[in-house]
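**Student:** quick one, structure for this:
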Amino acid sequence: MKRHLVIATAAAAALLAGGTVTAVAVSGNGAPATAPAAGHARQDTEDLREAGAARVTAPQAAAAALKAVPGKVSGLDLDQDRPGLVWDADVLGKDGKWHEVTLDARTARVLNQHVDREDDDDHAQERTALKNARTDAATAARKAGHGTVTSVELDDDHRTKAVWEVETVTKDGTEHKLLVDPDTGALSTAPAHDDDND
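**Tutor:** Residues are numbered from 1 along each chain as shown. Next up, the predicted model:
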């Protein structure tokens, strides 16, 4: 009896001290389960919780950001922040300046708004791509339509041409990364090498 108590106590102590637990997933027939294709889907419980708590959709957040700062939205991100669950929106204003707008994800109320003071050379390609895009962030979010959108970004970092990168999470917690062409609105799945959360 003492031996079982000592083993249980040692196991609990190891877990509390940051020990590692290894689990093996098995499918219904007892064979090892296969992981989703990289770049296409992965489990994300944090995004699932955030998506479930948000009452404001990505297209609604884009509209609220544009009401606060007329221009074009270049990015939206659903995030748990100090004031609670928020949509962070990046907007290229009609004034030619980059604005950051923080919106309550339950009411779309503007919580914070300021001009981004970064060097504008960092945004030159993004500015050009955004001005030439025929598809906006809200449309890209609607096109994805695969679960709840948690992020939309005009991404020009690793490609010859900018694309709308849309992240969604389905009810089972699976996150998907989709690409929307800013010119045609065509939807595609992100390649495996894009699964690095950039």
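
**Student:** any idea how far apart the tips of stretch 70-90 sit?
**Tutor:** 12 Å (Cα to Cα, to the nearest Å).

**Student:** one more: stretch 104-123?
**Tutor:** Termini of stretch 104-123 sit 26 Å apart (Cα to Cα).

**Student:** equivalent analysis for stretch 110-125, please.
**Tutor:** Using Cα to Cα, the two ends of stretch 110-125 sit 28 Å apart.

**Student:** centroid-nearest residue for this structure?
**Tutor:** Against the mean C-alpha coordinate of the chain, by Cα atoms, centre = their mean, the closest residue is S151 at 3.2 Å.

**Student:** list the contacts of that one.
**Tutor:** G75, L76, D77, L78, E165, V166, E167 (Cβ atoms under 8 Å, 6 or more residues apart in numbering). No exception for glycine: its C-beta is placed from N, CA and C like everyone else's.

**Student:** look at the first one and say how many residues are nearby.
**Tutor:** Neighbours of G75 under the rule other Cβ atoms under 10 Å: 21.

**Student:** quick check, it in contact with D156.
**Tutor:** No - using Cβ atoms under 8 Å, G75 is not in contact with D156; the gap is 11.5 Å.

**Student:** circling back: and the residue nearest to the centre of the chain, that one's in a helix?
**Tutor:** No - applying DSSP: H, G, I helix; E, B strand; the rest coil, one finds S151 to be strand, outside a helix.

**Student:** pull the most distant pair out of the contacts of S151.
**Tutor:** L78 and E165 (14.2 Å; Cβ to Cβ).

**Student:** which stretches of this structure have low pLDDT?
**Tutor:** Counting by pLDDT under 70, the low-confidence segments of the chain come to 1-44, 119-122, 158-159, 192-198.

**Student:** try 90 this time
**Tutor:** Applying pLDDT under 90 to the chain flags the ranges 1-53, 81-83, 116-127, 144-147, 156-161, 171, 173, 189-198.

**Student:** that one: strands as residue ranges?
**Tutor:** 41-43, 71-81, 84-93, 98-104, 110-115, 148-155, 163-169, 174-180, 187-189 (DSSP state E).
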